[in-house]
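*Asks:* take this sequence and fold it.
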Amino acid sequence: MIVTDETDPDPRARPDRPLARLAGPLGAVVALAGIAVAVALSPSFSWTASALSDLGVDPRTSLPFNGGLLVGGCLALGYVPALRDASRTVAATYALCAVAMAGVGAFPSDQPLHYPAAVSFFVLLAATLALDGARRRTTATGRVSLLLAVVSVAAWPLWGLSGLGPGIAVPELVGALSLAAWVVALAPPAPLRPRLSRRRR
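*Replies:* Purely as a prediction, here's the structure:
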């Protein structure tokens, strides 16, 4: 049986932590804004030929890109207490994901620790979405979370098979947007989740 979010079986799904509930979305906005500003400032960035991390080593774009990820990752950690009220496992995975995101900003792609941080971020974001989606698979937002986990992983081989270019910026952005959508609208403490539930009535 599929249950809607209005009858979510988890009574802790909407914790009363207003500041914590806003920390995750704020972190996502800061990180994505930093990426957007860096892309706008770069004269050489290409969605088909570049990686997003290329923006972190160009002196013209390194500050918004690295700074956005570093600050965004630190802010995202504030979301952990709200997530922990619903699931300690999901909260722990998300916390590691936030640390990895900050690590991508702290260690640009010309540094040895960048690759482990970047790989960890994309693996952990998919794991976070999958764990939460599997735990709440009988709810609408849980099923969408599972779908986004699949999308964030499938984007990599699909982009490679497309032959559109050697860059990986597109699957990187798909993953980042999937995580942002989950934080803002799908996770148990997501600020927009109650509004989406009301619209389904």
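*Asks:* any idea how far residue 117 is from residue 75?
*Replies:* Computed as CB to CB, to the nearest Å, the residue 117 to residue 75 distance reads 17 Å. C-beta: built from backbone N, CA, C; applies to glycine.
*Asks:* setting aside sequence neighbours, what's the nearest residue to the most centrally placed residue in the chain?
*Replies:* Ranked by distance to the mean C-alpha position of the chain (CA atoms, centre = their mean), the top residue is residue 179 at 2.5 Å. Nearest residue to residue 179 in three dimensions, chain neighbours excluded: residue 125, at 4.5 Å (CB to CB, 6 or more residues apart in numbering).
*Asks:* if I pick that neighbour, what's in contact with it?
*Replies:* Residues in contact with residue 125 (CB atoms under 8 Å, 6 or more residues apart in numbering) are 97, 152, 175-176, 178-179.
*Asks:* which of the residues you listed sits closest to residue 121?
*Replies:* Nearest to residue 121 among the contacts of residue 125 is residue 97, at 6.2 Å by CB to CB.
*Asks:* for the closest one, grab the count of nearby residues.
*Replies:* 24 (other CB atoms under 10 Å).
*Asks:* from residue 51, how far out is the nearest residue to residue 61 once chain neighbours are set aside?
*Replies:* Closest residue in space to residue 61, ignoring its immediate chain neighbours: residue 38 at 3.9 Å, by CB to CB, 6+ apart. According to CB to CB, residue 38 stands 12 Å off from residue 51.
*Asks:* can you check residue 65 too?
*Replies:* 11 Å.
*Asks:* of the two, which one has the most company?
*Replies:* The residue with more neighbours, out of residue 65 and residue 51, is residue 65; 28 against 17, by other CB under 10 Å.
*Asks:* following the helix or strand harbouring the more buried one, which helix or strand comes up?
*Replies:* Here residue 65, judged by DSSP states H and E, is contained in helix 62-76. Next along the chain after helix 62-76, taking DSSP H and E as the criterion, comes helix 80-84.
*Asks:* show me what that next one is in contact with.
*Replies:* Contact with helix 80-84 is made by 15, 17, 20-21, 23-24, 90-91, 94-95, 98, 187-189, as judged by CB under 8 Å, 6+ apart.
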